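Asks: A predicted structure for the sequence below; I have some questions about it.
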Amino acid sequence: MGTNFWELLHQRQDQLTRSGHAVADYLLQHADEAQYLSISSLARECNVAEATVFRFCRALGFDGYHEMRIALAQANATGTPSSQRELQPGATTAELCEHAYARFLTAINGTQNAHLKSIGKANWHRCTPEMLRLMQEARQVFCLGQGGSMLLANDICARFASLSTKFRTAGDSHLQLLTASLMNEADVVLFVSYSGATRDMMETLRTAKAAGAKIILLTHYEDSPGALLADVVLLCGAQESPLDSGSIPIKAAFLYVGEVLVLRYMLDDPAHSNTAQGLTSEAMTVKML
């Protein structure tokens, strides 16, 4: 939309309900933080229903919440994280390296801090035993995601592949849905999704859940629709602007979580892990020059 978000809000404020005004007031007071919130988080902060937030977005002329978040982020001029906003076109390579380094540290630290807090089932230390039990006892563990998250899921699966043949992936959202429909109580889904709120993901998780499979979700939002379906939720605490989707530091934060899962899996069954690593390492030696 061509009109600035704040101008649009001013033009259409008379069309808002009382609850809609509560959303508008929150955005005016917390504009910078609000662009990072899921629809569930924003509704909770405003003490309104998610449907109210959706109607607010429609009242302003947006098709949905995601479009509204993008417009808000553009209006806030935060297309890049705050640590990079001062960079100018003439910045040196050394300055770019320093800022990229800071972004990676921020992403990793945010994720680490998220797991040190007590957030119900999402607490890292409390959920680890249950999560590892699910993965160790599973007949198959399917590492899934969509778009860039699928690439992360593939990387995590590749790490586990040196330990067991039960770790698998599936292709696009259609193949993931087909795979989910054939799961049973002995299967586990390890799903990667920053938002935890995509249609394709929800179709796959609902189907897997109905088939009896257990779900482990790696996400940023503890109150996302996907998190509500998951048996275990692991949080990536790094913030990502809607204008910076696919950020490499965010991906690194998810891979950090994946590496911790692999290490925990290995340490909880050292005999099997050592044997498996020996066999796979030996098999790969013929590939080296």
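Replies: Noted; the coordinates are in hand. Residues are numbered from 1 along each chain as shown.
Asks: alpha carbons only for contacts and neighbour counts from here, please
Replies: Fine.
Asks: what's the first helix or strand after the worst-scoring helix or strand of the chain on mean pLDDT?
Replies: Lowest on mean pLDDT, DSSP states H and E among the helices and strands of the chain sits helix 124-137, with a mean of 71. On the C-terminal side of helix 124-137, the nearest following helix or strand under DSSP states H and E is strand 140-145.
Asks: other residues contacting that following strand?
Replies: 135, 150-154, 156-157, 166-170, 176, 186-193, 201 (C-alpha atoms under 8 Å, 6 or more residues apart in numbering).
Asks: touching whichever helix or strand comes after it from outside, list them.
Replies: Where DSSP H and E defines the elements, the next helix or strand beyond strand 140-145 is helix 148-160. Identification of contacts with helix 148-160 by C-alpha under 8 Å, 6+ apart yields 143-145, 167-169, 190-194, 246, 251, 254-255, 258-259, 262.
Asks: how does it look with 10 Å?
Replies: 141-146, 161, 164, 166-173, 190-194, 218, 245-248, 251-252, 254-259, 261-263, 265-266 (C-alpha atoms under 10 Å, 6 or more residues apart in numbering).
Asks: flag every buried residue along that helix.
Replies: By 16 or more other C-alpha atoms under 10 Å, the buried positions in helix 148-160 come out as Gly148, Ser149, Met150, Leu152, Ala153, Asn154, Asp155, Ile156, Cys157, Arg159, Phe160.
Asks: how near is the third one to Gly212?
Replies: Put plainly, it is Met150. 23 Å (C-alpha to C-alpha, to the nearest Å).
Asks: so where do the strands sit in the stretch 151-289 of the chain?
Replies: Secondary structure of the stretch 151-289 of the chain by DSSP state E, counting those that start in this stretch: the strands cover 167-168, 187-192, 214-219, 232-235.
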